[in-house]
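1. compute the structure for the input listed below.
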Amino acid sequence: MSDDLGQKNTKLVRKLVFIVLGMFGFGYALVPIYDVFCDITGLNGKTASEAIVDVVYEVDLSREITIEFITSLPKSTSTMVFRAEKNKIKIHPGKYYTVNFYAENKTNKKMVARAVPSVTPGLAAEYLQKTECFCFTEQTFEPNEVKLMPVRFVIDPELPERYKTVTLAYTFFDNTEKSVKK
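-> A predicted model of the protein is given here:
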């Protein structure tokens, strides 16, 4: 009876080890799997992290798209003020537009921050092209400094007709600690 119990325990331990290894492997592979899933489905709304060169598009004056601008600050960056000069604008695909964003360091300390953009709906992200954006690099703010930061963009006229509204959202993260350690 003792040998039988020992064999059952050994089998159970082996099964648990395989389950733990499988969970670890799945967790390790989850980020690349998610990236592939997003590429295939167009979800996630990631925008390019580099400026594009101005491309001359034929402006589609027969069509108007509403572009909404949303800004947010996580708790770690709550010592800043961050907003777009306009909440939304109507645009024509193929025409370049510039929208300014206002940011202010409300502390008496130097701050380094990074804006992370996203586009909704995610499938529209590939049609939003930025030639200039504060999100391409970290922004350094001196104590109590105010910055007006432009975003210059165009919506490719190839954007499918079903998209009437595109939202460009930015979250500003405090990277001061990471920048100091470099």
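2. domains in the chain, by residue range?
-> Taking automatic domain parsing as the domain assignment, the record places the domains of the chain at 1-41, 65-181.
3. and the ones you listed, which is most packed in?
-> Using mean count of other C-beta atoms under 10 Å, the stretch among those with the largest mean neighbour count is domain 65-181, at a mean of 16. C-beta: built from backbone N, CA, C; applies to glycine.
4. quick one: distance of that one to the chain centre.
-> On the basis of C-alpha atoms, centre = their mean, to the nearest Å, domain 65-181 sits 10 Å off its chain's mean C-alpha point.
5. where along the protein do the helices fall?
-> 2-41, 176-181 (DSSP state H).
6. any idea which of those scores lowest on pLDDT?
-> Summarising mean pLDDT across the helices of the chain, the least confident stretch is helix 176-181, with a mean of 65.
7. out of the domains of the chain, which gets nearest to Val56?
-> Among the domains of the chain, the nearest to Val56 by C-beta to C-beta is domain 65-181 (8.7 Å).
8. where does this structure dip in pLDDT?
-> 1-2, 33-54, 178-182 (pLDDT under 70).
9. now do the strands in it.
-> All strands of the chain, identified by DSSP state E, fall at 65-72, 80-84, 88-91, 97-105, 111-120, 128-132, 139-141, 146-155, 165-174.
10. test my guess that Ile67 contacts Ile89.
-> Yes - in this structure, Ile67 is within contact of Ile89 by C-beta atoms under 8 Å, at 5.5 Å.
11. shared neighbours, the two?
-> Taking C-beta atoms under 8 Å, 6 or more residues apart in numbering as the contact rule, Ile67 and Ile89 both touch Tyr97.
12. fine by me, thanks again.
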